[in-house]
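# missing the sequence, but the structure's below:
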Ligand SMILES: NC(=O)C1=CN([C@@H]2O[C@H](COP(=O)(O)OP(=O)(O)OC[C@H]3O[C@@H](n4cnc5c(N)ncnc54)[C@H](OP(=O)(O)O)[C@@H]3O)[C@@H](O)[C@H]2O)C=CC1
Ligand SMILES: N[C@@H](CC(=O)OP(=O)(O)O)C(=O)O
C-alpha cells in the first residue's frame with residue numbers, strides 16, 4: 001500500500017523532521033510540500049534552509065513548495081501532516097478538512113476541542129474514533145486529528161503506566177525545554193546562551209489540560225477527562241533538542257520504586273511502523289536520562305525515565321523525550337500510521 005502524503009509547513013523545524021522521517025518510510029510517499037507565500041514557488045532545498053544532521057533527501061530537495069491552500073495541493077492526497085504555526089493552523093486546517101483531506105496535525109489549535117481526537121497511539125488509540133462524531137457534527141469528508149504538545153508527550157507515557165497500575169491523584173511537573181521547541185526563529189542566541197528563561201507562553205496550561213484529556217476515558221461519543229490535578233512550570237534552557245522534566249506524583253494506591261519502574265518498563269508499545277519496541281525505558285543511574293545522551297533512544301521515539309524515588313505520599317521521577325521527533329513530527333507520523341491502520345485513510 002502506498003499512502004500519498006503532503007506536509008503543511010514543511011520548511012520549519014518540525015516540517016523538516018517530518019521530511020526526515022517520511023522520506024525512507026515504506027508506505028508513506030511525500031507528494032506535496034507547503035509553506036508561507038515567501039517560500040511558495042521555490043525548490044524545497046532552497047526554501048527550507050535544511051538544518052538536520054542527516055542530508056536532505058535529493059528527491060524532496062527538488063520538489064517545488066506550494067502555498068498552503070487546498071487548491072494548491074493535489075486532490076488525490078490520502079493524508080496531510082500539519083506543522084504550521086497554530087494561528088495559521090486554526091485558519092487553514094478546517095478548510096483542508098472541509099475539502100476532504102484527512103489532517104494529522106502537530107499544531108496546538110483545537111487540541112482540546114470536544115470533537116477532535118488528541119492521541120498518543122500507545123496511550124489512547126481508541127480516542128481516534130471521535131472522528132465519527134466530528135464528521136457528523138461538522139459535515140466533513142476529511143478529518144482533523146491532533147498530537148499533543150511536546151512537553152505533554154514526554155510525561156504522559158510514564159504517567160499512563162502509573163495510572164494504570166496505581167491510579168493518579170496529583171501530578172506536579174517542572175520542565176527544562178530545548179531551544180528547538182520554539183522553532184527556528186523562536187529564541188535568539190543572545191537570549192539563551194549562558195541563560196535559562198523561566199517562562200514559555202501558554203505551555204503550562206497545555207500540559208495541565210492536554211494530559212488530562214489524553215488520560216481520559218472515551219465512551220464512544222465523548223472523552224471524560226481524567227480528574228487528576230496537574231500543575232506545571234515550564235523553563236527554556238540552552239539544549240538543542242530533548243525536553244527533560246522533573247515530575248512528582250501522588251498515586252491512589254501505594255507504589256514502591258521497584259513497582260513503579262516495572263509498571264513503566266512493561267507499559268505496552270504498538271506494532272505501528274514508527275512505534276518504539278519499548279515505549280518507556282527506566283534508567284537506574286540517577287544521572288540519567290540526559291538530553292545529549294538519551295534523546296535519540298530508539299530513533300528518538302522512546303521516552304526515557306530515571307531518578308525514581310519515593311516521596312511523602314508518592315513518587316518522584318525525571319523523564320526525557322526528543323521534542324521534535326517523539327514530541328512533534330514522530331507523534332504526527334504515529335497518528336498517521338494509526339489512521340491508516342484504523343481505515344480512516
Ligand atoms: N519545535 C517543536 O519542538 C514543536 C513545535 N510544535 C508546533 O508545531 C508547529 C510548527 O513548529 P515549528 O516547525 O517549530 O515552526 P517553524 O517556525 O520552524 O516553521 C513554521 C512553518 O510554517 C510555515 N508558515 C509560517 N507562516 C505561514 C503562513 N502564513 N502560511 C503558511 N505557512 C506558514 C513556515 O513556512 P516559511 O518557511 O515559508 O516561513 C514553516 O514551514 C507550531 O504550531 C509549533 O507550536 C509542537 C511541538 C513541538
Ligand atoms: N512550546 C513548545 C513547543 C511547541 O510548539 O508546543 P505546541 O505544539 O504546544 O505549540 C516548546 O517551546 O518547547
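That came in fine, so what should we check first? Every value quoted in this text rests on a predicted model; they were computed, and no experiment measured them. Ligands and ions are numbered 1, 2, ... in the order given.
# what sits against residue 183?
12-14, 85 (C-beta atoms under 8 Å, 6 or more residues apart in numbering). For the C-beta atoms, the positions are set from N, CA and C on the backbone; glycine is no exception.
# hmm, I was thinking of residue 315
162, 248-249, 251, 255, 257, 260, 308-309.
# Please pick the buried ones from those.
With neighbours counted by 16 or more other C-beta atoms under 10 Å, these contain buried members at 162, 248-249, 251, 255, 260, 308.
# out of the residues you listed, who's near ligand 1?
By C-beta under 6 Å from any ligand atom, no member of the buried ones among the contacts of residue 315 lies near ligand 1.
# Now that we have those residues, can you turn them into TSV and tack on secondary structure?
TSV is the format used below for the buried ones among the contacts of residue 315 (DSSP: H, G, I helix; E, B strand; the rest coil):
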residue	secondary structure
162	helix
248	strand
249	strand
251	strand
255	coil
260	helix
308	strand
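# all helices of the chain, in order?
13-22, 44-48, 58-61, 86-98, 121-124, 130-138, 150-166, 189-192, 203-214, 257-265, 291-294, 330-341 (DSSP state H).
# Turn the ones you listed into TSV, columns for distance to residue 281 and mean pLDDT.
Shown next, in TSV, are the helices of the chain (distance: least, C-beta to C-beta, whole Å; pLDDT from 0 to 100):
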stretch	distance to residue 281	mean pLDDT
helix 13-22	20	96
helix 44-48	32	97
helix 58-61	31	97
helix 86-98	31	98
helix 121-124	14	98
helix 130-138	30	97
helix 150-166	10	98
helix 189-192	28	97
helix 203-214	20	98
helix 257-265	7	98
helix 291-294	8	98
helix 330-341	16	98
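# So which of these is nearest residue 241?
Nearest to residue 241, of all the helices of the chain, is helix 291-294, at 6.9 Å by C-beta to C-beta.
# Check whether the closest one comes near ligand 1.
No. Judged by C-beta under 6 Å from any ligand atom, helix 291-294 and ligand 1 are separated, with a smallest distance of 12.8 Å.
# Quick check: buried residues in that helix?
291, 294.
# Next: stretch 19-27.
Quick answer for stretch 19-27 (16+ other C-beta under 10 Å): 19-23, 25.
# Likewise for stretch 48-55?
48, 50.
# surely residue 172 meets residue 245?
No. Applying C-beta atoms under 8 Å as the test, residue 172 and residue 245 come out as separate, 10.6 Å apart.
# Between those two, which has more neighbouring residues?
residue 245 (25 against 16; other C-beta atoms under 10 Å).
# what sits opposite that one in the beta ladder?
For residue 245, the beta-bridge partners are residue 175, residue 319 (DSSP bridges).
# how much space is there between it and residue 171?
As judged by C-beta to C-beta, to the nearest Å, residue 245 and residue 171 stand 11 Å apart.
# any common contacting residues for these two?
With C-beta under 8 Å, 6+ apart as the test, residue 245 and residue 171 both reach residue 155.
# from the protein, which residue is nearest to ligand 1?
Proximity of the chain to ligand 1 (C-beta to the nearest ligand atom) peaks at residue 12, 1.9 Å away.
# That residue and residue 51: what is the separation?
10 Å.
# Mind listing the shared neighbours of these two?
residue 184.
# What's the end-to-end length of stretch 18-33?
Start-to-end span of stretch 18-33 (C-alpha to C-alpha, to the nearest Å) is 11 Å.
# right, I mislabeled it, should have said stretch 205-224
Start-to-end, stretch 205-224 (C-alpha to C-alpha) is 18 Å.
# Let me have the buried ones among the contacts of residue 315 in a markdown table, adding distance to ligand 2 as columns.
Below are those laid out as a markdown table (distance: C-beta to the nearest ligand atom, whole Å):
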| residue | distance to ligand 2 |
| --- | --- |
| 162 | 23 |
| 248 | 21 |
| 249 | 22 |
| 251 | 27 |
| 255 | 29 |
| 260 | 26 |
| 308 | 24 |
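# Let me know the closest of the residues you listed to residue 267.
Taking C-beta to C-beta as the measure, residue 162 is the one of these closest to residue 267, at 9.2 Å.
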